[in-house]
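Novice: Mind folding the following:
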Amino acid sequence: MKHYRMEPTYKKSVVEQTHFFKDGIMATYEEGYRWGKFVIHIPETQEEFDVWAVRFGMSPEDAKENYDHIFEDESIEDKYLAICGPDLGESHFDLDDYDYDMIEIWDSCSSYWYVNKNALAEEFTDEEEEELIEHLAELYDEGYAEALEDDGWEQRHFWTEIQCEVTLVPCDENGKVETTDE
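Specialist: A predicted model of the protein is given here:
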């Protein structure tokens, strides 16, 4: 495997979102961070690529068929990076799209609660929505996700995003970048 340290190019661009569900209501907790570092793992061999494909819900045969155009394109130097890594021309990255590990995130600088109801939930007023958000925030401040689960909320989804351009730097599997003395 090849490894790359992936970092945002702008501060305040790393966001974590957690979805909780109860009685037809989805509550989303979003927390923003000033900075973060991640390591992404990129296959170097066909065998590693086959494992990657299965991890991301494809058979090796389907993956080969889906990405034949990249394997056949002579202008693409690192075909596995082109398939399994981020498109550096983009400015939004859901880290679940990659084989990654978090190195660190730090300095929480924002947090928000949102609530949405599905078709089965009863209507609620703006005041009831504000009260629910206050209740969720108090619970979370007291005991994080465990406090919400104790109150009957079920955590179903969690993901991390980088909401700006990123840089990629070759590193070891732990995200350590080797420096050379000149």
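
Novice: Tell me the buried residues in the lengthiest helix in the chain?
Specialist: In terms of residue count, the longest helix belonging to the chain (DSSP state H) is helix 126-150. Within helix 126-150, the residues scored as buried using 16 or more other CB atoms under 10 Å are E129, L132, L136, L139, Y140, L148. To be clear about C-beta, it is placed using only N, CA and C from the backbone, and glycine gets the same treatment.

Novice: average pLDDT for it?
Specialist: Averaged over helix 126-150, pLDDT sits at 94.

Novice: Which helix or strand lies directly C-terminal to that helix?
Specialist: Following the chain from helix 126-150 toward its C-terminal end, the next helix or strand by DSSP states H and E is strand 154-162.

Novice: centre of the chain versus that next one, how much separation?
Specialist: Mean C-alpha position of strand 154-162 versus that of the full chain (CA atoms, centre = their mean, to the nearest Å) differs by 8 Å.

Novice: tell me the SS of the closest residue to Y10 other than its chain neighbours?
Specialist: In this structure, Y10 finds its nearest non-sequential neighbour in C164, 4.3 Å apart by CB to CB, 6 or more residues apart in numbering. When states are read from DSSP: H, G, I helix; E, B strand; the rest coil, the local structure at C164 comes out as coil.

Novice: does C164 really touch V14, like I thought?
Specialist: No - at 9.1 Å, C164 and V14 do not qualify as touching, with contact defined as CB atoms under 8 Å.

Novice: what is in contact with the two at once?
Specialist: When contacts are counted by CB atoms under 8 Å, 6 or more residues apart in numbering, C164 and V14 are jointly contacted by P8.

Novice: between these two, who's got more neighbours?
Specialist: Taking neighbours as other CB atoms under 10 Å, C164 and V14 compare with V14 leading, 29 against 16.
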